[in-house]
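K.L.:
Got a predicted structure plus its sequence, pasted below:
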Amino acid sequence: MPNLDKQQSDMFPVEKGHIGTDESGKGDYFGPLVVAGVFVPDEQQKVLAELGVKDSKRCTDNRVRELAVLLKKGYKHSVVVIGPEKYNELYSKFRNLNKLLAWAHSRAIENILEEVHCSSVLTDQFGDKSYVLNALMKRGKNIELIQMPKAEEDIAVAAASILARAEFLKRLYFLSQDMGMDLPKGASRLVDEAGLRLVKLSGVQALDKAAKKHFKITGRILACLK
């Protein structure tokens with residue numbers, strides 16, 4: 001009986017390089033959760049380093065936007081956006097942020113594997129590796145999945161962090177326009193105050209469309225209304 005895996009490998013040889021994935025918006029009360037993946041060929045790692053690609057947390061917002069344009073033009077990538085309404089729905093289903101993250105990371109990985117025959121993926125260590133492995137579908141079942149702390153030091157993961165952050169910033173801007181007020185990043189006291197203003201302006205239901213409601217901030221906002 002012919003070895004189908006070998007035949008597939010001969011027809012579509014494994015490309016030398018790896019996929020990196022990362023997320024943005026996980027710690028932000030307002031806005032979406034965004035997960036991005038980027039395939040970086042081995043010979044392109046030095047190029048990206050010279051471009052200044054690094055963890056998005058070490059870049060200004062403007063630099064993140066600039067680098068994202070270059071990355072989208074030059075590299076196979078996938079950006080998975082989970083808006084607040086969908087996020088709240090999925091969080092109610094999973095009841096576990098790491099499982100939700102694993103679902104989103106696996107979607108980004110699968111999307112890239114449709115275009116690139118790649119054998120390895122690197123992600124940040126956000127939970128049990130089995131969460132991602134179990135969420136992967138047919139294309140992702142044969143990859144080597146590596147999770148490690150501070151994975152953003154890897155150039156492919158850093159590139160993914162930039163794409164994810166750029167998309168988050170864009171979506172948060174347009175969400176602010178839709179809500180009729182500035183929605184700040186993060187989860188600070190400033191965010192509490194903005195959330196209270198939003199509820200007074202548009203009603204409690206506005207949090208469904210703008211915020212990740214499982215954050216403790218929601219309870220503090222609702223307590224101020226009593």
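P.N.:
Great, that's in hand. These numbers were taken from a predicted model, which means no experiment stands behind them. Residues are numbered from 1 along each chain as shown.
K.L.:
for Gly37, helix, strand, or coil?
P.N.:
strand (DSSP: H, G, I helix; E, B strand; the rest coil).
K.L.:
could you point out the longest helix in this protein?
P.N.:
helix 155-179 (DSSP state H).
K.L.:
So for that helix, mean pLDDT?
P.N.:
Mean per-residue pLDDT for helix 155-179: 97.
K.L.:
Buried residues, it. List them.
P.N.:
Applying a neighbour-count criterion of 16 or more other CB atoms under 10 Å, one finds 155-172, 175-176, 179 buried in helix 155-179. For glycine as for every other residue, the C-beta is placed from the backbone atoms N, C-alpha and C.
K.L.:
Per-residue pLDDT of the most centrally placed residue in the chain, please?
P.N.:
In the chain, the C-alpha nearest the mean C-alpha coordinate belongs to Val35, at 1.5 Å (CA atoms, centre = their mean). Among the per-residue scores, Val35 shows a pLDDT of 96.
K.L.:
Near the residue nearest to it when sequence neighbours are not counted, how many other residues are there?
P.N.:
Nearest residue to Val35, sequence neighbours excluded (CB to CB, 6 or more residues apart in numbering): Ala104, at 4.0 Å. Neighbour count of Ala104, defined by other CB atoms under 10 Å: 25.
K.L.:
Just the CA trace of the helix or strand encompassing Ala104, in CSV.
P.N.:
Per DSSP states H and E: Ala104 is located in helix 97-113. C-alpha atoms of helix 97-113 as CSV (Å, rounded to 0.1, in the frame of the first residue of the first chain):
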residue,chain,number,x,y,z
LEU,A,97,-9.2,32.2,28.5
ASN,A,98,-6.4,29.8,27.6
LYS,A,99,-8.8,27.5,25.7
LEU,A,100,-10.2,30.5,23.8
LEU,A,101,-6.6,31.6,23.0
ALA,A,102,-5.8,28.1,21.8
TRP,A,103,-8.8,28.1,19.5
ALA,A,104,-7.7,31.4,17.9
HIS,A,105,-4.0,30.4,17.6
SER,A,106,-5.0,27.1,15.9
ARG,A,107,-7.2,29.0,13.4
ALA,A,108,-4.2,31.3,12.5
ILE,A,109,-1.9,28.2,12.1
GLU,A,110,-4.4,26.3,10.0
ASN,A,111,-4.9,29.3,7.7
ILE,A,112,-1.2,29.6,7.0
LEU,A,113,-0.8,25.9,6.5
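K.L.:
List the contacts of it.
P.N.:
19, 21, 23, 26, 33, 35-39, 76-80, 82, 87, 90-91, 94, 118, 121, 123, 126-128, 131-132, 134-137, 139-140, 143, 160 (CB atoms under 8 Å, 6 or more residues apart in numbering).
K.L.:
who does whichever helix or strand comes after it pair up with?
P.N.:
Downstream of helix 97-113, the first helix or strand assigned by DSSP H and E is strand 120-124. If you go by DSSP bridges, strand 120-124 pairs up with strand 17-24 (parallel), strand 144-148 (parallel).
K.L.:
who wins for proximity to Ser188 among the ones you listed?
P.N.:
strand 17-24 (17.0 Å; CB to CB).
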